[in-house]
Every structure is written in C-alpha cells, then in structure tokens.
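Engineer: sequence first, then the predicted structure, then my questions.
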Amino acid sequence: AMSRTDWRDVDEFVEENLALLELEKSAEVEEASAYQKNSNLAALEAKGVCLRRMQLVAQNTGLYGRTMLHFARKTSPGEPDQPLPAVKFSSGDILVFICSTPRIQRDEREEEDEKGGGGG
C-alpha cells in the first residue's frame, strides 16, 4: 500500500511533467510558426503540415453529433477522387481553411445563370 508521502511524490511528478509538456508544446508551436512564415505551400505540404487543392466530397454526423467532413484531392470532373497525402495533424490542432472560390459566390453565380442574368 502507498503511504501519503508516495502520493505527494506522484502529484509532484505529474505537475513537473505537465509543465514540461506545456514548454514542449510552446516550442513546437513557435517552430511551426517560423517554418510556415519562411516556406511556400509546396514545402509545407511535403512536411505534412499543409494540404493544398482539396475539395469537400462528403459531410455526415459523427459521434456525439459532431460534423464529419470528408476531403479528397481536387481533380478534374469525371476523374476519381484521390486520397490526401499523409499529414501531421492531430486532435486539438487549429486548422485554417482558405477557399479560393467561396461556395456562396459560386451559388450566387449559378442562381444568376439560371435566371439568365449572368451574361457571361
């Protein structure tokens, strides 16, 4: 059986390791930020921290009602979806999506074309 002193040692060990993990996380975030500022998108994708030319291919509801988005490499019409390359994303990472043609703009243009107001 563990004595009270042993539990205090465990608590100290956990506190020290949590502090060290937080320091490690901060260093990784700083390193990633510096790398992103000094690299182009192709280099970032090769490192596994960026995905380019993606398209949303499916959306459904997952566990606990969370929205699940399924992406694939953007292809020409009629070509099969291509899988995305390996990445280093993990749970809790903050992701940034940059859309080259926002869906709202595409939908508005399609509605104008259907009404005959697009004109080309």
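Structural biologist: Done, it's in.
Engineer: pretty sure residue 60 sits in a strand.
Structural biologist: Yes. Under DSSP: H, G, I helix; E, B strand; the rest coil, residue 60 falls within a strand.
Engineer: so what's it closest to, chain neighbours aside?
Structural biologist: residue 68 (5.2 Å; C-beta to C-beta, 6 or more residues apart in numbering). Every residue, glycine included, has its C-beta placed from N, CA and C.
Engineer: list the contacts of the one you found.
Structural biologist: Residues near residue 68 by C-beta atoms under 8 Å, 6 or more residues apart in numbering: 59, 60, 61, 62.
Engineer: looking at those, spot the one nearest residue 79.
Structural biologist: residue 59 (20.9 Å; C-beta to C-beta).
Engineer: next, count neighbours for the closest one.
Structural biologist: Counted with other C-beta atoms under 10 Å, the neighbours of residue 59 add up to 9.
Engineer: picking that back up, now, the most widely separated pair of the contacts of residue 68?
Structural biologist: The most widely separated members of these, counting by C-beta to C-beta, are 59 and 62 (10.3 Å).
Engineer: ok, which stretches of this structure are helices?
Structural biologist: 4-37, 41-47, 103-115 (DSSP state H).
Engineer: give me the distance between the residue nearest the centre of the chain and residue 54.
Structural biologist: For the chain, the residue whose C-alpha lies nearest the mean C-alpha position (C-alpha atoms, centre = their mean) is residue 95; its distance is 3.8 Å. Using C-beta to C-beta, to the nearest Å, one gets 11 Å for the distance from residue 95 to residue 54.
Engineer: next: residue 14.
Structural biologist: For residue 14, the distance to residue 54 (C-beta to C-beta) stands at 39 Å.
Engineer: residue 81 contacts residue 58, correct?
Structural biologist: No. Counting by C-beta atoms under 8 Å, residue 81 does not reach residue 58; the two are 9.7 Å apart.
Engineer: columns pLDDT and distance to residue 24 on top of the contacts of residue 68, output as CSV?
Structural biologist: Shown next, in CSV, are those (pLDDT from 0 to 100; distance: C-beta to C-beta, whole Å):
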residue, pLDDT, distance to residue 24
59, 93, 35
60, 94, 35
61, 95, 35
62, 91, 30
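Engineer: now, which of those sits nearest residue 22?
Structural biologist: residue 62 (29.2 Å).
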